[in-house]
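**Student:** next come a sequence and a model predicted from it.
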Amino acid sequence: MIHVLVVDDDFHVAEINAAYVDKAAGFHVVGRAHTALQAMEMMSAQQVDLVLLDHYLPDRTGLDLVRAMRQRGLRSDVIMVTAAENVEVVEAALRFGVLHYLVKPFTFEGLRSRLESYAKLRRTLRSADGRSGAGQKRVDEIFGAVRGPAGSPAPTAKGWSGPTIELICRVLEQADTDLSAQEVASKAGISRSTAQRYLRHLQDNGTLRLSLRYGDAGRPEHRYSRPRSRS
């Protein structure tokens, strides 16, 4: 079992991310921290294999926390999950050894692919443990596990916005029931016509599931949902 610490200053987002992690096979959330200080205390007190880390924290940045972790000899691995997408932060994350960098908003599938590649990396490292030499093939497998998340979505087709697709998928992931185009538009903060266009696109490529709700009269209402993953 891989022990995960979720670090995010937003209590609601931390709960959502923790729920995502607990849905992934082989992962277990051991704590939630909302400041860098809380995160450091939790890592010092218990086993934490992986930190799911936001960059924007009230007492210091996520990268500051990573630097402090390394200075104290804490070897927990890090996946950044943050709205920070400027090149300087991404470059610094690479230099500090952050394994993956996931930009908010993201879907469960987006996070799960990173978690699966991390689990694959741990398996690959364990299989090479104790050998006198890894060999180029084994080295390539290790670096491939770090840089190539399993099940990564295909590049966004021309004419479609990746962030908008991620936003709509997240809205549907968080919903307790299926939603109409108007409900998706309202929750995502986009126009109804944009929501309809993207929902049709996502339905066509199999990302979403369409159901029809029939009323007393008139045309049936289209309702959309995310297919539930099998665990």
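**Tutor:** Noted; the coordinates are in hand.

**Student:** what's the first helix or strand after the worst-scoring helix or strand of the chain on mean pLDDT?
**Tutor:** Every helix and strand in the chain was compared by mean pLDDT, DSSP states H and E; the lowest is helix 135-147, with a mean of 58. Sequence order places helix 162-174 as the next helix or strand after helix 135-147, per DSSP states H and E.

**Student:** quick one: distance of that following helix to the chain centre.
**Tutor:** Distance of helix 162-174 from the chain centroid (CA atoms, centre = their mean, to the nearest Å) equals 12 Å.

**Student:** tabulate the CA atom coordinates of that helix in PDB.
**Tutor:** What follows is helix 162-174, C-alpha atoms only, in PDB (Å, rounded to 0.1, in the frame of the first residue of the first chain):
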ATOM      1  CA  GLY A 162      -7.800  21.200 -23.000                       C
ATOM      2  CA  PRO A 163      -8.500  23.200 -19.900                       C
ATOM      3  CA  THR A 164     -12.200  23.500 -20.800                       C
ATOM      4  CA  ILE A 165     -12.400  19.700 -21.400                       C
ATOM      5  CA  GLU A 166     -10.800  19.100 -18.000                       C
ATOM      6  CA  LEU A 167     -13.100  21.600 -16.300                       C
ATOM      7  CA  ILE A 168     -16.300  20.000 -17.700                       C
ATOM      8  CA  CYS A 169     -15.000  16.500 -16.800                       C
ATOM      9  CA  ARG A 170     -14.300  17.600 -13.300                       C
ATOM     10  CA  VAL A 171     -17.800  19.100 -12.900                       C
ATOM     11  CA  LEU A 172     -19.300  15.800 -13.900                       C
ATOM     12  CA  GLU A 173     -16.900  13.800 -11.700                       C
ATOM     13  CA  GLN A 174     -18.000  15.800  -8.700                       C
END
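
**Student:** nearest residue to the middle of the chain?
**Tutor:** In the chain, the centroid-proximal residue (CA atoms, centre = their mean) is residue 111; its distance is 2.7 Å.

**Student:** isn't that residue up against residue 20?
**Tutor:** Yes. Assessed by CB atoms under 8 Å, residue 111 is found in contact with residue 20 at 5.1 Å. In this view, the C-beta of every residue, glycine as well, is placed from N, C-alpha and C.

**Student:** what is the mean pLDDT for stretch 84-94?
**Tutor:** Stretch 84-94 comes out with an average pLDDT of 82.

**Student:** neighbouring contacts of that stretch?
**Tutor:** With CB atoms under 8 Å, 6 or more residues apart in numbering as the test, stretch 84-94 has contacts from 55, 56, 63, 66, 80, 82, 101, 103.

**Student:** please identify the buried residues of it?
**Tutor:** Residues of stretch 84-94 classed as buried by neighbour count (16 or more other CB atoms under 10 Å): 84, 89, 90, 92, 93.
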